[in-house]
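Asks: Next input, structure requested:
(chains A and B)
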Amino acid sequence: MSRVLRIVLITLAVIVLLYGVYYILGRPALPIPAIRYKVSPGTQLYDLVKATESDELRLTVVTDGQIDVTGDGNRMASIQYTPKTLGNALTLAGNFMGKDQQKFQTSVSKPLQNLSSLLYNVFRFKLTVLIVPA
Amino acid sequence: MNKFLKILFSLLAILMISIFAVIQEAKVVTAAPPAQAGPVNQLFVDATYNPQTKAYSIGGFTQEQLKQVGVTLPDQVLALLGNFKQVTLKINGATLDVLADEAKLATLNWDKASRTWLYGMIDNFSQMAPLDQQRAELWLDKADIQLVVRQSTEISKPLVIDLNTVVNVDVAKTGEVKVEGFDTGNKLPAQVTGLMDAAKVQDMTVCWSKGVLKNKVNGAEIPALTLYQEGVSVVDKAFGLNLGDLGQLFQSQLGASVAYGGGMHTDSQCGN
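Replies: Coordinates of the predicted model:
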């Protein structure tokens, strides 16, 4: 066996091993550094943020199918989705596009469905967006 | 290196077996939950009436709040209520009990044969369109309904609505709304029907179950939305909606199957 082939096989084996451990652990969502998003006064989102005691809303997207909105440590709302239900929602949204429906389907809907399916089934990430007043 | 490769492949073998075990465990079939034996449609309505002031309250709502949504009790009914301290109507399983001042006044059979007789009477003597007996059975076959009307100065207890059977709503292309076949006399605005046309909606099922909103459009399920009471309070405060106490809303379960422009109703239940 040539040296290069051996290195490739070992690398692949290590990747499979690492992913296997990740799979057995239940594919936990890997956290991504939080993003701070500032909202300017005069918007409804600003009013919503200011209505909380902490002046902060937290939007958490976990690619295993859960989107949460929390404020003052309390859950305010959450959305539960699967790649299928997300696809259905995108199809419904596409219906509103009229003549641009096909373009929406190919440029937005399909890629988003594929990405969400990959992140739902293979690698899961947790993204947090902190919404604060400007 | 050979030793390293041996260890690596051993680990891979262990991993493959572990993954196989995890997958097999996930595939274990669990016994289906037993079919629901108890009532599937629960409705509790408490109404209070003050004979001195003639003020009344139904389901936790005051007379003024009820007037805003067009609910008023005729004077004849109020006069009748003044004769009793408490009247209770209970439907549970196969019996219908009527109690006056906590003493049993009558117990009627509420089995299928009795109900069929009642539907026939309604069809013969009322001026309404013939009853859809199949729909009526879906509502009443497994129902736990309690209506309590009592003399009291306090506000009535909150309404409890826990309905598994979805309400059939038919919306014409022109906006006319029928509920369970009965014309409501209401019409949806053109913007709403326009949206439904744009979205190519033929049928839609909406289910609100204690804070969880599930929807299906044209048979396709879309992501579920869960609202939390604390969160709705924040929204209420932010936008000055004055929604009041929403506790009973978050205890309720209610669904609707909307057929638009001649679409078909789906055979679904709320809460499943």
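
Asks: Show me which residues of chain A sit near chain B.
Replies: Contact residues, chain A versus chain B (C-beta under 8 Å from any C-beta of the partner chain): A:10, A:13-14, A:16-17, A:20-21, A:23-24, A:44, A:47-48, A:50-52, A:69, A:71-72, A:74-82, A:84-86, A:88-89, A:91-92, A:95-96, A:98. Glycine gets a C-beta too; all of them are placed from N, C-alpha and C.

Asks: Give me the buried entries from those residues.
Replies: With burial judged by 16 or more other C-beta atoms under 10 Å in any protein chain shown, the buried subset of these is A:13, A:16, A:20, A:23, A:47-48, A:51-52, A:69, A:71-72, A:75-82, A:84-86, A:88-89, A:91-92, A:95.

Asks: Among the residues of chain A next to chain B, which ones are in helices?
Replies: Counted as lying in helices by DSSP state H, out of these, are A:10, A:13-14, A:16-17, A:20-21, A:23-24, A:44, A:47-48, A:50-51, A:84-86, A:88-89, A:91-92, A:95.

Asks: low pLDDT regions in chain A?
Replies: A:1 (pLDDT under 70).

Asks: Kindly report the same for the stretch 151-272 of chain B.
Replies: B:272.

Asks: ok, 80 please
Replies: Across the stretch 151-272 of chain B, the ranges flagged by pLDDT under 80 are B:240-246, B:248, B:267-268, B:271-272.

Asks: Closest approach to chain A from it, which residue is it?
Replies: residue B:231 (2.5 Å; C-beta to the nearest C-beta).

Asks: All the strands of chain B, residue numbers only.
Replies: B:41-50, B:55-58, B:86-92, B:95-100, B:103-109, B:143-151, B:160-163, B:167-171, B:176-179, B:182-187, B:203-209, B:212-217, B:220-227, B:253-260 (DSSP state E).

Asks: Just give the closest residue to residue B:92, not the sequence neighbours.
Replies: residue B:144 (5.2 Å; C-beta to C-beta, 6 or more residues apart in numbering or on different chains).

Asks: Please identify the residues of chain B in proximity to chain A?
Replies: Residues of chain B lying near chain A (C-beta under 8 Å from any C-beta): B:5, B:8-9, B:11-12, B:15-16, B:18-19, B:22, B:198-200, B:217, B:220-228, B:230-232, B:234-235, B:237-239.

Asks: Buried ones from these, can you make that a PyMOL selection?
Replies: Selection of buried members from the residues of chain B next to chain A for PyMOL, criterion 16+ other C-beta under 10 Å:
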select buried, chain B and resi 11+15+19+199+217+221+222+223+224+225+226+227+228+231+232+234+235+237+238
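
Asks: Can you report how many residues neighbour residue B:173?
Replies: For residue B:173, the count of nearby residues is 11 (other C-beta atoms under 10 Å in any protein chain shown).

Asks: Touching, residue A:132 and residue A:56? I think so.
Replies: Yes. Using C-beta atoms under 8 Å as the test, residue A:132 is close enough to residue A:56 to be in contact (5.3 Å).

Asks: sorry, back to before: so what's the residue of the stretch 151-272 of chain B closest to chain A up against?
Replies: Residues in contact with residue B:231 (C-beta atoms under 8 Å, 6 or more residues apart in numbering or on different chains) are A:69, A:71, A:74, A:75, A:76, A:77.

Asks: list the helices and strands the helix ranked longest in chain B packs on?
Replies: The longest helix of chain B (DSSP H) is helix B:2-27. Judged by 3 or more C-beta pairs under 8 Å, 6 or more residues apart in numbering or on different chains; DSSP states H and E, helix B:2-27 is in contact with helix A:3-24.

Asks: What's the first helix or strand after the helix it packs on?
Replies: Per DSSP states H and E, the first helix or strand lying C-terminal to helix A:3-24 is strand A:30-31.

Asks: neighbouring strands for that following strand, and are they parallel or not?
Replies: strand A:125-133 (parallel) (DSSP bridges).

Asks: Where do the domain boundaries of the chain fall?
Replies: Using chain A here. A:1-28, A:32-133 (automatic domain parsing).

Asks: sorry, should have said chain B
Replies: According to automatic domain parsing, the domains of chain B span B:41-162, B:166-260.

Asks: ends of the last one, how far apart?
Replies: Distance between the boundary residues of domain B:166-260 (C-alpha to C-alpha, to the nearest Å) amounts to 16 Å.

Asks: And the longest one, by the same measure?
Replies: Taking C-alpha to C-alpha, domain B:41-162 runs 6 Å from one end to the other.

Asks: List the residues that contact residue 96.
Replies: You didn't say which chain, so I picked chain A. Per C-beta under 8 Å, 6+ apart, neighbours of residue A:96: B:198, B:199.

Asks: The chain in question should be chain B.
Replies: Residues counted as contacts of residue B:96 (C-beta under 8 Å, 6+ apart) are B:89, B:90, B:107, B:108, B:109, B:110.

Asks: May I ask which of those has the most neighbours?
Replies: Neighbour counts for the contacts of residue B:96, by other C-beta under 10 Å, peak at residue B:110, which reaches 20 neighbours.

Asks: Is it correct that it is in contact with residue B:93?
Replies: Yes. Applying C-beta under 8 Å, one finds residue B:110 in contact with residue B:93, separated by 7.3 Å.

Asks: Return the most buried member of the domains of chain A.
Replies: domain A:32-133 (a mean of 16; mean count of other C-beta atoms under 10 Å in any protein chain shown).

Asks: re the thing from before, got the angle between the longest helix of chain B and helix A:3-24?
Replies: 30 degrees (axes from the mean of the first three to the mean of the last three C-alpha atoms, to 10 degrees).

Asks: What mean pLDDT does helix B:2-27 get?
Replies: If you average the pLDDT over helix B:2-27, you get 71.
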